[in-house]
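**Q** from the sequence below, what's the structure:
(chains A and B)
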There are 2 protein chains.
Amino acid sequence: MAALGERKLITAISRWLGEASPRAPFGIGDDCAVLPAVKGHSLLTVDPVIYGEHFDDHVSPQAAGEKLFKRNLSDIAAMGGRPRAAVVALAFDSRLKTRWLAAFYRGLAAVSRRYQVPIVGGDIARLRGGIVASLTLLGQASGKRVVTRQGARIGDAIYVTGQLGGSLRGRHLRFTPRLDEGAWLARQQGVRAMMDISDGLAKDLPALAPANSLPALNVNTLPISAAARQTAKQTGRTALDHALSDGEDYELVFTLAAGTPPSAFERRWRQTFPKVRLTQIGHFVRRDRAQAQGCIDLGLYRGFEHLIDAVPGRHPTSAEGQP
Amino acid sequence: MAALGERKLITAISRWLGEASPRAPFGIGDDCAVLPAVKGHSLLTVDPVIYGEHFDDHVSPQAAGEKLFKRNLSDIAAMGGRPRAAVVALAFDSRLKTRWLAAFYRGLAAVSRRYQVPIVGGDIARLRGGIVASLTLLGQASGKRVVTRQGARIGDAIYVTGQLGGSLRGRHLRFTPRLDEGAWLARQQGVRAMMDISDGLAKDLPALAPANSLPALNVNTLPISAAARQTAKQTGRTALDHALSDGEDYELVFTLAAGTPPSAFERRWRQTFPKVRLTQIGHFVRRDRAQAQGCIDLGLYRGFEHLIDAVPGRHPTSAEGQP
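**A** Numbers count the residues shown, from 1 in each chain, chains lettered A, B, ... in the order given. Model prediction:
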């Protein structure tokens, strides 16, 4: 890499990104990227991928780039937003192969084209002995409403998209951020609170819980993925455990107001997204009635804990929505 | 750090940031930060600070945090914009002291308060053996116009704010991003192109040059800082060399249309910014007339080259406006 030099590297990056990167000042090449005015609320999120944490030598650089972009798209989806533009800060060792960088940026470019989100700027810097890539995504509300993690009430039904668990078997790279689904859900009045599942349902779901409530989950309806069952055979843990705690599902979990008829809601979903499973997995109950309702204790399924040495079988991701 | 755990760390970070960090969804705690609608163009930029590259054990964590924020503010200033909100992605080794993190975030918070730019979100993740912090800054046009690097014409006068060189003696940490100055300059019709000086004037200025032109610099008027002169005594190089190539000046360089009377322009500047030096350092001439005009060859003063091992006396920064 060192041999290439900075100026040539930047030219090369522009070539690798191709049409994913507009010309300055609307893209790479000025002090900031300039973005045309839009109406409505803006959304801003940042997530990294780090060599040794979120990917390693078993993951192709193209897949690492795609994962970086899609992790952030999932955060925009989780609020019912639309992605607008991305910037990428990459720090890497000067011994890194040009071939690696080319494939990484081509991965970013592929996602950029697929979701029509330009990469408008970024930074390259040197990091001895490591690779850290951070992507910041600017988005906007897709309609009048942004759906946050706050707003659920006791009695609300809890839904998840797709299937959970075992993402290390490939889904942590191959997932599809639920952008269309998130935008559609934001337009449904009964949808009160939403987030994406990145650290495992057990760890993430409490963030949606109203005060003095607990989730009463029907473990028999939980959409446990085939990958979770396969993983369970290897680890000796239960498939349920993997579905609740593996993390990196990048599915949506949201609540539907108790007054909204579930059958009509689910029918509209099936008409709109016939290929994406939607499952009511339980509802929020008063904390003092939780035991009578047979709630499972999610504290037993703690999901991935950041910043401590990885527990075997648990999956490293990074802390959402936090500095 | 490991002992603290993720949830407690996030709570601690919110405490360290204090009023610099609004509540979710307008700040930390949701999948994305939500920002109210604004009129006009948006600006987006990202710059990192990396342990061993942009700071080391001689720099306090508070100063490192301040530098990270101010580097990005300088990019917004360079387009005449106003900063609006920041997100910070931090990757660090789990052996890092809580005390270090607290001071780093307090440094970010101090700049946030000083410039009234909230820190609305971010991410923490693990990086073995390193510290990489990236800050992404969202800004907006301060008036009708955003000033880019494009637009200068042959005959335009070249101006710089402040003084150049020797920033390693302290200014690379203590600089003031030229936000008010940049916004004022964007309102002056005669100002055609602008950028901040981060890699050294010799390396940065060519980005403002119109096609088939070279900058004819009057080296006698170049505002060489006392720090550049002091550094020259130690390195045996000339103070001019340091002023042209040290980098991390974080001053503005801009061009004024040939038809704009310089004296009236400079008087308005002095009335508005009596404490900030403004110097006309030359003008752009046709390339084929450069030799007759006594142009110095900026190629001899190459500024900091990224991604190669640091040349003694040159200063590490990272590549601007680039992925």
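**Q** surely A:Ala64 meets A:Asp57?
**A** No - with contacts counted by Cβ atoms under 8 Å, A:Ala64 stays clear of A:Asp57, the gap being 10.4 Å. Bear in mind the C-beta positions are built from the backbone N, C-alpha and C, glycine included.
**Q** these two - which one has more neighbours?
**A** A:Ala64 (23 against 7; other Cβ atoms under 10 Å in any protein chain shown).
**Q** do you know how far the residue lying closest to the more buried one once chain neighbours are set aside is from B:Arg286?
**A** Distance criterion Cβ to Cβ, 6 or more residues apart in numbering or on different chains; nearest residue to A:Ala64, sequence neighbours excluded, is A:Phe55 at 4.3 Å. Look at A:Phe55 and B:Arg286: by Cβ to Cβ, to the nearest Å, they are 51 Å apart.
**Q** circling back to that earlier point, what's the neighbour count on the residue nearest to A:Ala64?
**A** 23.
**Q** likewise A:Arg99?
**A** A:Arg99, neighbours per other Cβ under 10 Å, totals 9.
**Q** list the residues that contact it.
**A** Under the criterion of Cβ atoms under 8 Å, 6 or more residues apart in numbering or on different chains, A:Arg99 has no neighbours.
**Q** wouldn't the residue nearest to A:Ala64 be in contact with A:Gly65 here?
**A** No - using Cβ under 8 Å, A:Phe55 makes no contact with A:Gly65, being 9.5 Å away.
**Q** show me the domain layout of chain A.
**A** A:2-26+A:40-141, A:157-300 (automatic domain parsing).
**Q** which of the ones you listed sits most buried?
**A** Burial of the domains of chain A is given as mean neighbour count (mean count of other Cβ atoms under 10 Å in any protein chain shown); domain A:2-26+A:40-141 ranks first at a mean of 22.
**Q** and it, how far out from the chain middle?
**A** Distance of domain A:2-26+A:40-141 from its chain centroid, counting by Cα atoms, centre = their mean, to the nearest Å, is 15 Å.
**Q** for stretch A:157-168, same thing?
**A** 12 Å.
**Q** what ranges do the strands span in chain A?
**A** Under the criterion DSSP state E, strands of chain A are mapped to A:23-30, A:33-35, A:42-50, A:81-92, A:119-126, A:131-141, A:157-161, A:191-197, A:213-217, A:251-256, A:278-286.
**Q** count of residues packed around A:Gly155?
**A** Neighbours of A:Gly155 (other Cβ under 10 Å): 15.
**Q** residues in contact with the closest residue to it other than its chain neighbours?
**A** Spatially, and ignoring its direct neighbours in sequence, A:Gly155 is nearest to A:Ala258 (3.7 Å; Cβ to Cβ, 6+ apart). The contact partners of A:Ala258, by Cβ under 8 Å, 6+ apart, come to A:Arg153, A:Gly155, A:Asp156, A:Ala157, A:His283.
**Q** in TSV: these, plus pLDDT.
**A** Converted to TSV, the contacts of A:Ala258 look like this (pLDDT from 0 to 100):
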residue	pLDDT
A:Arg153	97
A:Gly155	96
A:Asp156	97
A:Ala157	97
A:His283	93
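**Q** export the residues you listed to JSON lines and tack on distance to A:Ala228?
**A** Formatted as JSON lines, the contacts of A:Ala258 follow (distance: Cβ to Cβ, whole Å):
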{"residue": "A:Arg153", "distance to A:Ala228": "30"}
{"residue": "A:Gly155", "distance to A:Ala228": "29"}
{"residue": "A:Asp156", "distance to A:Ala228": "25"}
{"residue": "A:Ala157", "distance to A:Ala228": "23"}
{"residue": "A:His283", "distance to A:Ala228": "23"}
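**Q** hang on, the earlier thing: show me what contacts the residue nearest to A:Ala64?
**A** A:Val49, A:Ala63, A:Ala64, A:Lys67.
**Q** one more pass at 7 Å, please.
**A** A:Phe55 sits next to A:Val49, A:Ala64, A:Lys67 when contact means Cβ atoms under 7 Å, 6 or more residues apart in numbering or on different chains.
**Q** and the pLDDT for it?
**A** Predicted confidence (pLDDT) for A:Phe55: 91.
**Q** repeat for A:Asn218
**A** So A:Asn218 comes in at 88 (pLDDT).
**Q** surely it and A:Ile281 touch.
**A** Yes - at 6.3 Å, A:Asn218 and A:Ile281 qualify as touching, with contact defined as Cβ atoms under 7 Å.
**Q** bridged to the residue in the stretch 1-150 of chain A that chain B sits nearest to, which residues?
**A** At 3.0 Å from chain B, A:Gly122 is the closest residue in the stretch 1-150 of chain A, using Cβ to the nearest Cβ. Assessed by DSSP bridges, A:Gly122 has beta-bridge partners A:Val88.
**Q** I'd say it and B:Val46 touch.
**A** Yes - using Cβ under 7 Å, A:Gly122 is in contact with B:Val46, at 6.1 Å.
**Q** pull up the overlap in contacts between the two.
**A** What both A:Gly122 and B:Val46 touch, as defined by Cβ under 7 Å, 6+ apart, is the set A:Val87, A:Ala89.
**Q** tell me which of the domains of chain A sits nearest to B:Ala211.
**A** Evaluated over the domains of chain A, closeness to B:Ala211 peaks at domain A:2-26+A:40-141, with 15.0 Å, by Cβ to Cβ.
**Q** shaky segments in chain A?
**A** Within chain A, the ranges that satisfy pLDDT under 70 run A:1-4, A:292-295, A:297, A:299-300, A:302-323.
**Q** got the residues of the stretch 51-200 of chain A near chain B?
**A** Within the stretch 51-200 of chain A, the positions adjacent to chain B are A:52-53, A:75-76, A:78-79, A:81, A:85, A:87-91, A:94, A:119-130, A:132, A:134, A:136, A:138-139, A:146, A:148-149, A:195-196 by Cβ under 7 Å from any Cβ of the partner chain.
**Q** excluding its backbone neighbours, what's nearest A:Ile50?
**A** A:Val132 (5.1 Å).
**Q** same thing with A:Glu66?
**A** Per Cβ to Cβ, 6+ apart, closest to A:Glu66 is A:Gly107, 4.4 Å.
**Q** give the contact list for that neighbour.
**A** A:Pro61, A:Gln62, A:Ala63, A:Ala64, A:Gly65, A:Glu66.
**Q** make a markdown table out of those and add distance to B:Gly247.
**A** Formatted as a markdown table, those follow (distance: Cβ to Cβ, whole Å):
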| residue | distance to B:Gly247 |
| --- | --- |
| A:Pro61 | 30 |
| A:Gln62 | 34 |
| A:Ala63 | 36 |
| A:Ala64 | 31 |
| A:Gly65 | 29 |
| A:Glu66 | 34 |
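**Q** closest to B:Thr176 out of these?
**A** Nearest member of those to B:Thr176, counting by Cβ to Cβ, is A:Gly65, at 36.7 Å.
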